[in-house]
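[1] structural data only, the sequence is not supplied:
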DNA sequence: AAACGCTGGTAAATCGATGCAGTGAGGCTA
DNA sequence: TAGCCTCACTGCATCGATTTACCAGCGTTT
């Protein structure tokens, strides 16, 4: 342990502990400059650091936020964790890491622990359709912001939500394929009932409609009835989707994948079928994970601007922490299409012409 | 805040706070079963959770460990973070996440903060050749274990180190290529002076020697003089290494890459040169990140058994926390070669025959 | 000169859990 | 029955920072 207490500082500066406390907490406005200087010098000399436990015991709060993600082994969540930690650190907060594995029970358990730990707030990354399981925590005073999940009707009012505009992202992706001349499009989703999936599917359909194509023409690959959410599963799903869709009559030439891992799987499935992404078929991903740029071919994808989103998330959470007022403000961040090499002009006459 | 204190529990159970404290801390041996039951029931009914701040103020310790990684956005560190968090959680510890960006100054600053926070211990993931910058922390009583860095002569004696046997891993990789008939081998390293790189290079050379090949025959690509360590940089470096090496006279046919991202870059560089990994050239990676299996071609690589390593790391750290004795035990974990499709028999006559 | 307000501080109570020293009841020995 | 133990708990000081209550000193007002 460090061992230097506020009293030792007070003694060294020739003042009382209260005065040192006032300095530490910025209540220096009505203070003699000389006293202030003495205290600051004493703090410096003893290299005093306030004991967080004692501080928290009084204030009931600690400069720590909890981050609950499905799994930080997933590159998207890893990248978020890094960004959020950087923002938090700059504001004097530390980040406690929790991997929920997308299990509501674990999300709840983590929430309870974090509450008991006295964390200032929690960023919950959960795309479960309902967040009812955490309302007891909110009632008990836990400050929370939901990330990567747009606000839903019926959500607890005190819960702010930060998310990319999933519908817009899918629209951007779909429109890009349409602009390249693709007319047979497929929407490949690697996960079951999440809010994001529904939104992206909605964007896909509305882009088709806007282009005068019957949305029913868009092929939707619903995914197997798997409960697995991992990267490997996403990629495998994309692969089998591509293989199956491409061996059907009138196969699609453009693919909108639910995320980048799924898009990678689609590219591999296309190769299995003797076609290649960026030539005969076009594939658009979602997220723009680091790998998207490194893959062969480099993926055209919808970028979630993580640094900006992380900063917004933290600001929302802090606003929530500092104010006692209830309602949280929700934000939809505008995504951006990053065009790389997995998309190209549609082959003349479609794949039937090969 | 929760609001339920130990005194309320005590009152509800009709005992003193001390007795509740005894129950909480497992000192139940001399206790009447009936009393124990009453206390436990009261805890249950009030859904009481001990206030960690108060507990820490008394004991000076908190059930939290710090994890300092270069960047959790890197899939390897993300995977470790997840494994370690799982192990820690099972033992009742939480994990505080820190991204050092491989900056010794940041490592030190995080260490100081963690010490002030009263964390039980820290896992430091740093492959810097010297850990001198953290010795002041160790002196001040911080319990620390180094991960992914074999113990070095001159390391502080109280520092345990957990690492894969890097030399053995590189030997496995190299021997595999030799067994496939490759005779012109290159060692491609994407990073500068780290302990791991040196060890892996040593393994590469000793495998050559063992096969009766002059180690000087092995081409070592030293990497550009970059200070960047990111994934993107690793991959880019692999790519330019492959392009350059393959356009030289008598190009190598087998590549040992410093890690999987670098191996992926080498594969792309080979393609740039009109060759493909798993056919004309063979590439072995290191780490076995998730992506290794998903890449095209799936990478042959040296696996670091992360779950096992994470478990060992945590056990070492806890031993260190619980005992006051100084010396830490260091461990070298045996890696395993995972053969996939990026390696194949050497082309007859080498690449000159094409 | 008494009453009042303001300044620049101090002393002491407080937060909740911990763990040692202590206590009373009951049992056992001599 | 006095003396001594053991059992099974309780009382209380303690950790370090915060914060409330308070006070002395000084100038101003009435």
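    Perfect, thanks for sending it. Note that the structure is predicted; figures quoted are calculated from it, not measured. Numbering: from 1, shown residues only, chains lettered A, B, ... in the order given.
[2] off-centre distance for stretch A:183-200?
    Put simply, stretch A:183-200 sits 18 Å off its chain's centre (C-alpha atoms, centre = their mean, to the nearest Å).
[3] so residue A:243 belongs to a strand, correct?
    No: when the secondary structure is assigned by DSSP: H, G, I helix; E, B strand; the rest coil, residue A:243 falls in helix instead of a strand.
[4] contacts only, for the residue lying closest to it once chain neighbours are set aside.
    In this structure, residue A:243 finds its nearest non-sequential neighbour in residue A:269, 4.5 Å apart by C-beta to C-beta, 6 or more residues apart in numbering or on different chains. Quick note: C-beta positions are derived from backbone N, CA and C, even for glycine. Counting by C-beta atoms under 8 Å, 6 or more residues apart in numbering or on different chains, residue A:269 makes contact with A:238-243, A:246.
[5] let's see 7 Å
    Counting by C-beta atoms under 7 Å, 6 or more residues apart in numbering or on different chains, residue A:269 touches A:238-243.
[6] repeat that for residue A:146.
    A:124, A:126, A:131, A:159, A:161.
[7] give me the sheet partners of the helix or strand containing it and which way each runs.
    Per DSSP states H and E, residue A:146 falls inside strand A:144-147. Take DSSP bridges as the rule and strand A:144-147 pairs in its sheet with strand A:119-125 (parallel), strand A:160-164 (parallel).
[8] got CSV for the contacts of residue A:269, with pLDDT, distance to residue B:51 and neighbour count too?
    Shown next, in CSV, are those (pLDDT from 0 to 100; distance: C-beta to C-beta, whole Å; neighbours: other C-beta atoms under 10 Å in any protein chain shown):
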residue, pLDDT, distance to residue B:51, neighbour count
A:238, 89, 48, 32
A:239, 89, 51, 22
A:240, 89, 51, 17
A:241, 90, 51, 26
A:242, 93, 54, 32
A:243, 91, 56, 17
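[9] ok, those vs DNA strand D, which is closest?
    residue A:238 (52.3 Å; C-beta to the nearest atom of the strand).
[10] what is whichever helix or strand that closest one is part of packed up against?
    Secondary structure from DSSP H and E places residue A:238 in helix A:231-246. The contact analysis (3 or more C-beta pairs under 7 Å, 6 or more residues apart in numbering or on different chains; DSSP states H and E) places helix A:231-246 against strand A:185-188, strand A:219-221, helix A:260-272, helix B:290-294.
[11] can you name the element that comes right after it?
    Counting by DSSP H and E, what follows helix A:231-246 is strand A:254-257.
[12] surely residue A:300 and residue A:336 touch.
    No: applying C-beta atoms under 7 Å as the test, residue A:300 and residue A:336 come out as separate, 11.8 Å apart.
[13] measure residue A:237 to residue A:200 for me?
    15 Å (C-beta to C-beta, to the nearest Å).
[14] go on, residue A:182?
    Distance from residue A:182 to residue A:200, by C-beta to C-beta: 17 Å.
[15] between these two, who's got more neighbours?
    residue A:200 (28 against 23; other C-beta atoms under 10 Å in any protein chain shown).
[16] quick one: residues contacting the more buried one.
    Going by C-beta under 7 Å, 6+ apart, the list of residues near residue A:200 reads A:166-167, A:169-170, A:258.
[17] now it, what are its backbone angles?
    When read as degrees, to the nearest 10, the backbone of residue A:200 gives phi -70, psi -40.
[18] any idea of the pLDDT on it?
    pLDDT recorded at residue A:200 is 93.
[19] where does chain A have low pLDDT?
    Filtered on pLDDT under 70, chain A yields the residue ranges A:1-2, A:190-193, A:222-232, A:324-327, A:349-354.
[20] 80 instead, please
    A:1-3, A:60-61, A:116, A:127-129, A:190-194, A:215-234, A:322-328, A:349-354 (pLDDT under 80).
[21] residue in it with the shortest distance to DNA strand C?
    Closest point on chain A to DNA strand C, by C-beta to the nearest atom of the strand, is residue A:16, at 3.0 Å.
[22] name the element the nearest residue to that residue once chain neighbours are set aside belongs to?
    Excluding the flanking residues, the one nearest residue A:16 by C-beta to C-beta, 6+ apart is residue A:10, at 5.6 Å. Residue A:10 is part of helix A:6-13, with elements assigned from DSSP H and E.
[23] and what of residue A:64?
    Counting by DSSP H and E, residue A:64 is part of strand A:62-69.
[24] what packs against that strand?
    helix A:75-90, strand A:94-99, helix A:104-117, strand A:119-125.
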